[in-house]
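Colleague: Everything below, folded, please.
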Amino acid sequence: METLQWDDVCAAVGAFAWTTRGRREAAAPRLATTAREAREALERTAACVRDDGGGAVFDADDFEGARDVRVAVEGARRGTTLSGTSLGELGSTGRAQRRLGDTLARRGGDGEALRDIGEALRGTPRALMEAIERCVGVPGGEVLDDASETLAAIRAEQRATRDELRQMLNEKSREMARKNFAERAQVVTRLGRQCIPMKLGSAGELEGVVLDVSGTGSTVFKEPQCAVPLNNALATLSAREDAEIERILIELTAMVREHADALSAANDALAALDVANARARHAAWLDGSKPTIVSADRGISVRGLQHPLLLERHLAPLPTGAAIGEAESVSAFGSTLEAVEDEEDASVSRATTHVRRFDARDVVVPIDFDVDASVRCVAITGPNTGGKTASLKAVGVACLMARAGLYPPCDAGCEIPLFRRVIADLGDSQTLELDGGLSTFGAHLKGLQRILDAANEDSLILLDEPGSGTDPAEGAALAVAVLNKLSRRSRLTVATSHYEEVKDFAVSSPACHVAAVEFDLNTLQPTYRLLWGETGRSNALHIASGLGLAPSIIAEAREALAKAGDTAETDAKGALARENRAKLASALDEECDVQLARRAAARETLEETRALYDDVKAKSAHLDLRKQLIKDGVESEARGRIDEARVLFEACETKEDADAVAEAHLPRGWIVAENGEAVPGDSPDEGATRRAFDVGDAVIVRQLGTAEAEVIDVHPETNEITVKLGRISTRVGVASGVSKVDKSKTSWRK
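Modeller: Next comes the predicted model:
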């Protein structure tokens, strides 16, 4: 944007807006990101262009009274009581909004372009506007007597009391002047109360209250005693008036808060209409033409294109009046374009009358830029000062203007694709920092790399002399490689160059086109015309001669050039070397693409491997956690079973009881050996277990404690027995902990 001086172009558009907000937004337009948005913006501009093409539809009278009321509306949303001035501005803005909305409704015929704007403008709440106009002066903001009956009564009483007080004090002041107690008959106000100025030595002649003394001390301002009640009454009425005004403002603010959304929408629509109208006025000033936004598979066709900043100095001066609602003037647009280089005459003065764009064709030569969709690269060649850079800037600015809803200064029927990126490298990027600063060539290379990284199918690339600033042979090879890469990566690349290798590349490549800026050898002046399909010579010696360089130097240079030419003609190796360098540059560029693709694939594989490693690592951590949880659970269960067994062992009376408890708590596959140790082995079969108890046996059932129970029934099919303990009979499983009592043996515990 800075390289193309886009802000300077937009500043001119802002000068044509009528309102403060419209001026700010027109001077910093939003660039459309889609073709649909760009078409909608252009349709809005077209809807504001007068049918005769002589300007815009809306003038200053249509926007009279309009203000940017966003602050007031947001203040009402937050609960801040609006002042009478803010409400007055809301009222005057509402008048302008409804007036513009009604005008749009009467005009019709604008289709969808301004329909949403008109609806939002007509959505200004009429009841609120009527309430504001009834209560507040519009414009002005003073609260009117008709705001409420109470306020009208208070002010009527104020007027009557003030008249009575004034009449009384006038009579008293004339009496004091007649008696020479006062310099003259006069009534003044001090501390909000009306009083009479008295001579210092005569102040005691008037009964009352001293309110103030003059700076010299010779005059005393005294309130007569008879005026005290009336002054007090006025003070009381003033307080009541303030309270009533505050109540009225609070009510109006509440209404504003209720309709805040509609007011905000109408205010935004007002600004949007002002911006579209400013674009229409700017189009008439430039004699611009409406561009057609075409699809990406279409080329760019702009004929008779002139740069708006070059034109500006030859057109009527920009508007310099203050925007509506702002007491400040906008200075005339005074920026110049550094596009046509040394030949520009800075002394050219602005026109004082309106000059049409077409009348300035001799001083701002139009160019035709017509490139079909198959062309991906354009090389512009020719001499210095011939207008190559100006052509680049004009094309770039025209593409940005189309995205912003502006009419470029060109002939009718222009077609421009939507370039979402317009990237330009048109100047010297050398830094002057002693520590870490880049050379001109180094900065140039960094800029080229950034452009290569950013270029895509939506890009327009503008390059001025790529590869310059180093050895010509190497610079030419670099320029060819860069243009070759960009011709495959970007939608369109336009570059200027003096290199023969670049010209040969553009001529031989089917996706490239060449053009040359014309130079008149008779006048030694450029014509600034673009000649398509031709390659221009630099003509440096002709230009140097025309600019006054010493003839001896020119002659010596011509002699050296002739020798170099003869050598080049006789030395076929030089031409072959240049051709080989170009082929090598192209091959290296293709190999670079291959290596970059491999690097990208390797990077993708590395990322996938890293992701897989992270996934395995995460799953491993999850498995470790599960293993630890299982281990903790087993250990916890083991501790519980050990504690349970310890309690049961405490209850055992004989060794057989202890063996039974041990067998019941041993894991599957373990048994109690004869020596009492737990060893691997097979447990007794179930049949033996089932035959171990008979009716009448005395047993101890772990579930019933340590008391002896009698077996009264055996159930071998389920490995269960029925026992009786006292009066209680219950059925228990043998495996759950039942031991037979051998009364013939001595107690094991003993």
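
Colleague: what secondary structure does the closest residue to residue 202 other than its chain neighbours sit in?
Modeller: Spatial nearest neighbour of residue 202, excluding adjacent residues (C-beta to C-beta, 6 or more residues apart in numbering): residue 181 at 3.7 Å. Every C-beta, even on glycine, is put in place using the N, C-alpha and C of the backbone. Assigned by DSSP: H, G, I helix; E, B strand; the rest coil, the conformation of residue 181 is coil.

Colleague: Got phi/psi on residue 181?
Modeller: phi -90, psi -20 (degrees, to the nearest 10).

Colleague: quick one, what contacts it?
Modeller: 198-199, 202, 205-206 (C-beta atoms under 8 Å, 6 or more residues apart in numbering).

Colleague: before we move on, what about residue 255?
Modeller: Residue 255 touches 127-128, 131, counting by C-beta under 8 Å, 6+ apart.

Colleague: Just name the shakiest helix or strand of the chain by mean pLDDT.
Modeller: Across the helices and strands of the chain, the lowest-confidence element by mean pLDDT, DSSP states H and E is helix 686-690, at a mean of 43.

Colleague: And the next helix or strand past that helix?
Modeller: Moving toward the C-terminus from helix 686-690, the next helix or strand (DSSP states H and E) is strand 698-701.

Colleague: ok now that following strand, how far from the chain's centre?
Modeller: 87 Å (C-alpha atoms, centre = their mean, to the nearest Å).

Colleague: I'd like the mean pLDDT over it, please.
Modeller: Mean per-residue pLDDT for strand 698-701: 84.

Colleague: From the contact counts, what lies against the next helix or strand after it?
Modeller: Where DSSP H and E defines the elements, the next helix or strand beyond strand 698-701 is strand 708-715. Judged by 3 or more C-beta pairs under 8 Å, 6 or more residues apart in numbering; DSSP states H and E, the packing partners of strand 708-715 are strand 698-701, strand 720-725.

Colleague: The same query, at a cut-off of 10 Å, please.
Modeller: Where contact means 3 or more C-beta pairs under 10 Å, 6 or more residues apart in numbering; DSSP states H and E, strand 708-715 is packed against strand 698-701, strand 720-725, strand 728-733, strand 738-740.

Colleague: List the buried residues in the first one.
Modeller: Going back to what we said before, that points to strand 698-701. 699-701 (16 or more other C-beta atoms under 10 Å).

Colleague: quick one: strands adjacent to that strand?
Modeller: Under the criterion DSSP bridges, strand 698-701 sits next to strand 708-715 (antiparallel), strand 738-740 (antiparallel) in its sheet.

Colleague: Now that strand - C-alpha only, CSV.
Modeller: The C-alpha coordinates for strand 698-701 follow below in CSV (Å, rounded to 0.1, in the frame of the first residue of the first chain):
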residue,chain,number,x,y,z
ALA,A,698,-20.4,-80.5,65.0
VAL,A,699,-19.0,-77.7,62.8
ILE,A,700,-17.9,-74.1,63.1
VAL,A,701,-19.3,-71.8,60.4
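
Colleague: Please list the residues outside that strand that contact it.
Modeller: Residues outside strand 698-701 that contact it (C-beta atoms under 10 Å, 6 or more residues apart in numbering) are 651-654, 656-657, 660, 692-693, 706-711, 721, 723, 725, 730, 732-734, 736-743.

Colleague: mind running it again at 7 Å?
Modeller: 657, 693, 706, 708-711, 723, 732, 737-741, 743 (C-beta atoms under 7 Å, 6 or more residues apart in numbering).

Colleague: In terms of distance to residue 626, which of the residues you listed ranks first?
Modeller: Closest approach between those and residue 626, by C-beta to C-beta: residue 737, at 32.9 Å.

Colleague: picking that back up, just the buried ones out of the contacts of residue 255, please.
Modeller: By 16+ other C-beta under 10 Å, the contacts of residue 255 give 128, 131 as buried.

Colleague: tell me which of the contacts of residue 255 is nearest to residue 89?
Modeller: residue 128 (13.4 Å).

Colleague: can you pull the contacts of that closest one?
Modeller: Listed by C-beta under 7 Å, 6+ apart, the contact set of residue 128 reads 255-256, 259.

Colleague: Using PyMOL, define a selection of the buried residues within the contacts of strand 698-701.
Modeller: Applied in PyMOL, the following selects the buried portion of the contacts of strand 698-701 according to 16+ other C-beta under 10 Å:
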select buried, resi 657+693+709+710+711+723+732+737+738+739+740+741
